[in-house]
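A.B. asks: Sequence below, structure please.
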Amino acid sequence: MCGGSCAGIVFEANITGGSATQYIHLPSGLSGLCNSKTIVEVAQSGREVYLLHGELERDETSVYPACGQKMHIHGSRITMLRHLCFGCHLSTASFEKGRYRCPCYDHTKMDSVPLKADVHNITRELLREFEPQVLKKNQTSISQDIEEKILSMYAKGKLDT
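C.D. replies: Numbering: from 1, shown residues only. Alright, predicted model coming up:
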């Protein structure tokens, strides 16, 4: 869908003296997301956040196993996942997640998101960064309560990444 390597951050820059807009492409670790635009916003904590907007790399067709029929597009929603810090900047991945419906059984399903950590609204890469810190404190897994504390500390800049 996007073509080529999409796991990167695209910054738009207007270079003085040139008429064309130029782009800087940096690796992000977000495999499965084609980043088309990155903007910088300010979080409630006052820290700058890179908002990585893009598209998911999708399967060509979605077929419902019970009937073998192709599922039809049935809407979408914008999804945001927290991602790793870049220097002192927070980052968030934003993309449209498709919803599909089977015309025979009226069953619906959402796009799978390969870069999303299981059960959490964070990227797999961010989870890999935080798991060692959680396990140091004699935890065996990340619970919902611990995830909320980690994300709160992350947003306030109190965790090393």
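
A.B. asks: Who does the residue lying closest to F86 once chain neighbours are set aside form a beta bridge with?
C.D. replies: Once flanking residues are discounted, F86 sits nearest to Y50: 6.1 Å by Cβ to Cβ, 6 or more residues apart in numbering. C-beta coordinates here come from the backbone N, C-alpha and C atoms, glycine included. Per DSSP bridges, residues listed as beta-bridge partners of Y50: V40, S91.

A.B. asks: OK, contacts around Y50?
C.D. replies: Contact analysis of Y50 by Cβ atoms under 8 Å, 6 or more residues apart in numbering lists 9, 38-40, 86, 89-92.

A.B. asks: mind redoing it with 6 Å?
C.D. replies: Contacts of Y50 were listed using Cβ atoms under 6 Å, 6 or more residues apart in numbering, and they are 38, 89, 91.

A.B. asks: how deep is E148 tucked in, by neighbour count?
C.D. replies: Residues near E148, counting by other Cβ atoms under 10 Å, number 10.

A.B. asks: I meant P114, not that one.
C.D. replies: Using other Cβ under 10 Å: P114 sits among 12 other residues.

A.B. asks: related to what we said a few turns ago, for the residue nearest to F86, give its distance to K70.
C.D. replies: Counting by Cβ to Cβ, to the nearest Å, the gap from Y50 to K70 is 37 Å.

A.B. asks: Likewise for S94?
C.D. replies: Relative to K70, and taking Cβ to Cβ, S94 is found at 28 Å.

A.B. asks: more crowded one of those two?
C.D. replies: Between S94 and K70, counted using other Cβ under 10 Å, the more crowded position is S94 (17 against 12).

A.B. asks: does E148 sit in a helix or strand, and which one?
C.D. replies: helix 144-156 (DSSP states H and E).

A.B. asks: Next: R99.
C.D. replies: R99 belongs to strand 89-101, assigned by DSSP H and E.

A.B. asks: Please point out which parts of that strand sit buried.
C.D. replies: Buried residues in strand 89-101, counted by 16 or more other Cβ atoms under 10 Å: 90-95, 97-98, 100-101.
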